[in-house]
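>>> sequence and predicted structure below; questions after.
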Amino acid sequence: MIYLDNGATSLYKPPSVKKAMLWAMENCGNPGRGGYPTAMAAAETVYRCRETAAELFDCMPEQVVLTPGCTFGLNMAIRTLVAPGDRVVITGFEHNAVTRPLHILGAKVTVAGRKLFRWDEMLENWEKQLNHGADAAVFTHVSNVFGYILPVEEMADMCRKRGIPFIMDAAQSAGVLPVSLKKLGADFIAIPGHKGLLGPQGTGILLCGRLPKPLTAGGTGSESENQFMPDFLPDIGEAGTPNVPGIAGLGAAMDFICGEGTKRIFRVEHEAMACCAEGLRKMGVRVFAGEHQAATVSFLPAGDCEETARALAERGIALRAGLHCAPLAHESAGTLKTGTVRVSFGRDASFAQVERFLEELQGVF
Ligand code: PMP
């Protein structure tokens, strides 16, 4: 099988990830809940993961809140910054993990920037909407549907200059592009462990530039007599027994990423994506490709998207068709009715993968 659904989750995991998870299952007790060796081993494992994340994302270890995923982190961040009726500016490429919490909270959402691969349009509209006043802003680093890399440093700068708190969704960029909490000056950056970071599912990170409002309350192993959550990081965001095997795997995965370097990973993935986009173009299908693109490319086949994906699956190609949990991005690109077929490369991307995919697609048409 050729796996081209890395936007959903990465299938390739470094062997060290599985080894670390197994080790944790055999050797780790409950972290922060005892001074005996297995509890200490768990506490050290969790702390090491925090330290590696701090190194990779340029922050202090205590600013790393370990979560069950990017969605959890986004919900916590949004609940912290947004109250019902607040005006929130977002981009036209946000995932449901951003738009649904905002909708459910009753925020007044304004969408700024809808043109694919057009930084000038994005920045002009972003600035215009921020100038109308906003209580908060949320933007994705990379569109999960189109691989569009947004001009996040400039967008962050515009927010900071106006004192507007903001959240970045790094679901599609962490492990592939540089992400720095310090440089961006974000209030929060939400990250999944299981995509570009190559860690296990059920893991994630919320980088905190400020104290979050906890989504859950419970034991932390600290201040047990206090009936509120501890008011310090990271404990405030981490109630209950953590996913120690998952965290051990995530730590090993981030060690691997630090060793490889995000630049190298990005180059390999980007080359495969560009080659794939070119091949698709030559086949005469409508391809969504342009400047500022990462490892994901969407296209519109001659026939139905879902049927094309099913036919490809029968031929050993794993990818995803439809709306990819991001109807707003499809609305922006004009593909809300049809959806698209999405090809997303991972750390194991190769020209051989691209060739085989194009060959099988030709067979489907
Ligand atoms: N934001 C974006 C842009 C995503 O692509 C995803 C995952 N598809 C998420 C948020 C949610 O991540 P998770 O499923 O790991 O919680």
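Perfect, thanks for sending it. All figures in this text were calculated on a predicted structure; none of them were measured in a lab.
>>> regarding A252, what is its secondary structure?
Look at A252: counting by DSSP: H, G, I helix; E, B strand; the rest coil, its state is helix.
>>> residues from the chain in reach of the ligand?
Of all the residues in the chain, those in contact range of the ligand (Cβ under 6 Å from any ligand atom) are 69-71, 95, 97, 140, 144, 169, 171-172, 192, 204, 325. (C-beta placed from N, C-alpha, C; glycine too.)
>>> PyMOL command for the buried members of the residues you listed?
Of these, the buried ones go into a single PyMOL selection, burial set by 16 or more other Cβ atoms under 10 Å:
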select buried, resi 69+70+71+95+97+140+144+169+171+172+192+204+325
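>>> which of the residues of the chain next to the ligand fall within helices?
C70, T71, A97 (DSSP state H).
>>> residue contacts, the closest residue to the first one other than its chain neighbours?
Distances taken as Cβ to Cβ, 6 or more residues apart in numbering place P192 nearest to C70, at 3.7 Å, with adjacent residues excluded. Taking Cβ atoms under 8 Å, 6 or more residues apart in numbering as the criterion, P192 is in contact with G69, C70, A171, A174, T203, G204.
>>> reformat the ones in helices among the residues of the chain next to the ligand as a markdown table; add pLDDT.
Below are those laid out as a markdown table (pLDDT from 0 to 100):
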| residue | pLDDT |
| --- | --- |
| C70 | 98 |
| T71 | 98 |
| A97 | 98 |
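>>> what's the span of stretch 230-243, first residue to last?
The straight-line separation of the ends of stretch 230-243 (Cα to Cα, to the nearest Å) is 20 Å.
>>> hmm, who's touching that stretch?
Stretch 230-243 is contacted from outside by 30-31, 46, 50, 62-68, 76, 202-203, 206, 208, 211-212, 214-223, 229, using Cβ under 8 Å, 6+ apart.
>>> can you pull out the helices in the protein?
Remark: helices of the chain, listed N- to C-terminal, are 15-27, 37-57, 70-81, 96-105, 119-131, 152-162, 181-184, 244-260, 262-283, 305-314, 327-333, 351-364; assignment by DSSP H.
>>> and for M158, the neighbour number?
Neighbouring residues of M158 were enumerated by other Cβ atoms under 10 Å; the total is 20.
>>> how close does it get to the ligand?
Between M158 and the ligand the distance, using Cβ to the nearest ligand atom, to the nearest Å, works out to 21 Å.
>>> ok, now L358?
Noted for L358: a distance of 25 Å to the ligand, by Cβ to the nearest ligand atom.
>>> was I right about that residue contacting A277?
No - counting by Cβ atoms under 8 Å, L358 stays clear of A277, with 10.8 Å between them.
>>> want to throw the residues of the chain next to the ligand into CSV with distance to L336?
Compiled in CSV, the residues of the chain next to the ligand are given as follows (distance: Cβ to Cβ, whole Å):
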residue, distance to L336
G69, 26
C70, 23
T71, 22
H95, 15
A97, 18
T140, 18
N144, 15
D169, 20
A171, 21
Q172, 20
P192, 25
G204, 28
C325, 13
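>>> and which of the residues of the chain next to the ligand is nearest K115?
Comparing the residues of the chain next to the ligand against K115 with Cβ to Cβ picks out T140 as the nearest, at 15.0 Å.
>>> just the pLDDT for the closest one.
Per-residue confidence at T140 stands at 99 (pLDDT).
>>> from S298, how far off is the nearest residue to it once chain neighbours are set aside?
Computed as Cβ to Cβ, 6+ apart, the closest residue to T140 that is not its neighbour in sequence is D169, at 4.3 Å. For D169, the distance to S298 under the criterion Cβ to Cβ, to the nearest Å works out to 18 Å.
>>> just A289 next, same as before
Using Cβ to Cβ, one gets 9 Å for the distance from A289 to S298.
>>> of these two, which one has the most company?
Remark: of A289 and S298, S298 carries more neighbours, 32 against 20, as counted by other Cβ under 10 Å.
>>> picking that back up, quick check: bridge partners of the residue nearest to C70?
Here P192 shows beta-bridge partners G204, assigned using DSSP bridges.
>>> distance check, it against H330.
When Cβ to Cβ is the yardstick, P192 and H330 sit 21 Å from each other.
>>> excluding chain neighbours, give the residue nearest to the closest residue to the ligand within the stretch 251-365 of the chain in space.
With Cβ to the nearest ligand atom, the shortest gap between the stretch 251-365 of the chain and the ligand falls at C325, namely 5.7 Å. Distances taken as Cβ to Cβ, 6+ apart place N96 nearest to C325, at 4.6 Å, with adjacent residues excluded.
>>> again with L215
Closest residue in space to L215, ignoring its immediate chain neighbours: M76 at 4.8 Å, by Cβ to Cβ, 6+ apart.
>>> hang on, the one you found packs against C208?
No - in this structure, M76 is not within contact of C208 by Cβ under 8 Å, at 9.0 Å.
>>> contacting residues around F139?
The contact partners of F139, taken as Cβ under 8 Å, 6+ apart, are I90, T91, E94, W126, L150, V152, M155, F166, I167, M168, D169.
>>> swap that for L323, please
Contact analysis of L323 by Cβ under 8 Å, 6+ apart lists V145, H330, L336, G339.
>>> how long is stretch 333-346 end to end?
Across stretch 333-346, the straight-line distance between its terminal residues is 24 Å, by Cα to Cα.
>>> scratch that, stretch 139-147
When the termini of stretch 139-147 are compared using Cα to Cα, they are 14 Å apart.
>>> which residues of this structure score low on pLDDT?
When the per-residue scores of the chain are filtered using pLDDT under 70, no range remains.
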